[in-house]
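1. Task: produce atomic coordinates for the following.
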Amino acid sequence: MVVSKGVRVALAGSLINFCFGIFYAWSVFADGLISELGWSKSAAMFPYTLELLVFSVFMVFGGRFQDRFGPRKGLLISGIFTGLALVLCALTASPLGITLSFGVIFGSAAAFGYSAVTPAVLSWFPSEKRGLVTGFILMSLGAAALIWAPVINELITRVGVLNAFIICGTAIFAIIIITSRFIVPAPISDEPEVMEEPHGSFPADGKNEQLWRQVIRKPTFRLLWLMVGLTSGVGFMFIGHLVQIAELNYNIAWGYALVSLFALTNALGRLVGGALCDRIGFINNLKTALLMIIISMLIFFSGLGWPAMVLGTLLLGLSNGSFYTTYPVIVAKVFGLKNFGINYGMIFTSIGIVGSLGPLVAAFLADLTGTYNPAFILGTAAALFCYVLVSKLKKRTVSG
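-> Numbers count the residues shown, from 1 in each chain. Model prediction:
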């Protein structure tokens, strides 16, 4: 019965994460704003950039809210305001209006929902399966654009970008409100027995519970914070620009299909990355993902036609998905699950402070130089630096 209930909660969490994953398809919305309303690339990317910043900051408040009040209230707040935010994008059809609606309202509301799903689902499963389970529930977040991108593209073609915002917002509102009633944490008596970690790097979950005031003083926290920011910055730099990269660097008119390809490989990367964390440990998994980023940047930079664009997108999607499964697994193992919401939220702030700069810098450089080649160079440098940080993280696995 416990396993059956856990599976139902995991399925509900996956559906909710699918709704939040619409932001991965922002480049399709951006293309509509550029073509229909005459926005510049930088203006079209700013709502997305602000959303990343606001989302990461509100992960702290959302995580604390989840730890204190449970997942359902946070999800209700999230469902109401994420749906409303997209509708407001259509009603306030200006750079300022859409930036505030999507960047501030959607970003903060999505953080409350995202914070609520993962700890509730993980509470139903034993520690040695949490990598795979995390990959499963985050897979739908990464795969969301696989469906959202062509749907939004079709809506923009048929009814225009502003009406597309309204339709998507209404759908998200309904799905999250209905599905949130199935998200419940495991009762204390039903929590799975904790087992020792197979790789012996950290104390088992529940034996190393730490409050955020303790966590932020640790070198491990600082290393993770910087790595999350840099790797997410590289990912967001390309997620938000794939349509424009295809058009500008490769003269490809079907860039929205690359958004779907990224979503597919991103989803697979989350599932495979979670399984590899359980099997080979997160250090080796991080190194593998970073190598894939470096290779993808070199392929993009080569300019060898559409095959290079497809292969680079595939590798980047796999690596990006793997990161987003690996980081919460590390936080749960290092700092425990009891205060997971706020602890992960504190680390997640690096996405807003560091990672959100990626798409804006790429847009600025593309407007300045007429190519995305400088972005490829920056992505390579960031991945190489993170590879050095992984070695430092490995040395801290005992001392924390």
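
2. Just want the most central residue of the protein.
-> The geometric centre of the chain, computed from its C-alpha atoms, lies nearest to residue 324 (C-alpha atoms, centre = their mean), at 6.2 Å.

3. Return the distance of it relative to residue 140.
-> Using C-beta to C-beta, to the nearest Å, we find residue 324 at a distance of 12 Å from residue 140. Just so you know, the C-beta spots here come from the backbone N, C-alpha and C atoms, and that holds for glycine as well.

4. again with residue 351
-> Between residue 351 and residue 140 the distance is 19 Å, computed by C-beta to C-beta.

5. Sort out which residues of whichever strand or helix holds the residue nearest to the centre of the chain are buried, please.
-> Applying DSSP states H and E as the criterion places residue 324 in helix 305-335. Applying a neighbour-count criterion of 16 or more other C-beta atoms under 10 Å, one finds 308-335 buried in helix 305-335.

6. Let me know the pLDDT of the residue lying closest to residue 241 once chain neighbours are set aside.
-> If you skip the residues right next to it in sequence, residue 241 has residue 362 as its closest partner in space, 5.4 Å away by C-beta to C-beta, 6 or more residues apart in numbering. Residue 362 is assigned a predicted lDDT (pLDDT) of 84.

7. before we move on, the earlier item: give me every residue that touches the residue nearest to the centre of the chain.
-> Taking C-beta atoms under 8 Å, 6 or more residues apart in numbering, we find residue 324 in contact with 138, 141-142, 270, 273.

8. where does the stretch 1-150 of the chain dip in pLDDT?
-> Regions of the stretch 1-150 of the chain meeting the criterion pLDDT under 70 cover residues 1-4, 127-128, 130, 142.

9. List of residues touching stretch 273-289?
-> With C-beta under 8 Å, 6+ apart as the contact definition, stretch 273-289 has outside contacts at 128-136, 138, 198-199, 201, 227, 231, 269, 318-319, 321-326, 329-330, 333, 386-387, 390, 393-394, 397.

10. how about the helices in the stretch 101-250 of the chain?
-> Counting by DSSP state H, counting those that start in this stretch, the stretch 101-250 of the chain has these helices, from start to end: 107-122, 130-159, 161-179, 212-215, 219-239, 242-250.

11. Which stretch among those approaches residue 89 most closely?
-> Residue 89 sits nearest to helix 161-179 of all the helices of the stretch 101-250 of the chain, at 4.2 Å, using C-beta to C-beta.

12. Buried residues in that closest one, which are they?
-> Residues of helix 161-179 classed as buried: 161-162, 164-169, 172-173, 175-176, 179 (neighbour count, 16+ other C-beta under 10 Å).

13. could these go into a markdown table alongside distance to residue 74 and pLDDT?
-> Formatted as a markdown table, the entries for the buried residues of helix 161-179 read as follows, by distance: C-beta to C-beta, whole Å; pLDDT from 0 to 100:
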| residue | distance to residue 74 | pLDDT |
| --- | --- | --- |
| 161 | 30 | 92 |
| 162 | 29 | 94 |
| 164 | 27 | 95 |
| 165 | 24 | 95 |
| 166 | 25 | 96 |
| 167 | 25 | 96 |
| 168 | 21 | 95 |
| 169 | 19 | 95 |
| 172 | 15 | 95 |
| 173 | 15 | 95 |
| 175 | 16 | 94 |
| 176 | 11 | 94 |
| 179 | 13 | 92 |
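
14. Between these, which sits nearest residue 262?
-> residue 168 (18.7 Å).

15. contacting residues around the closest one?
-> Applying C-beta under 8 Å, 6+ apart, one finds that residue 168 lies in contact with 22, 86, 148, 151-152, 155.

16. which residues are in contact with stretch 347-363?
-> With C-beta under 8 Å, 6+ apart as the contact definition, stretch 347-363 has outside contacts at 41-42, 45-46, 48-50, 52-57, 59-60, 63, 221, 224-226, 228-241, 327, 331, 372, 375, 378.

17. what comes up buried for it?
-> Buried residues in stretch 347-363, counted by 16+ other C-beta under 10 Å: 347-352, 354-363.
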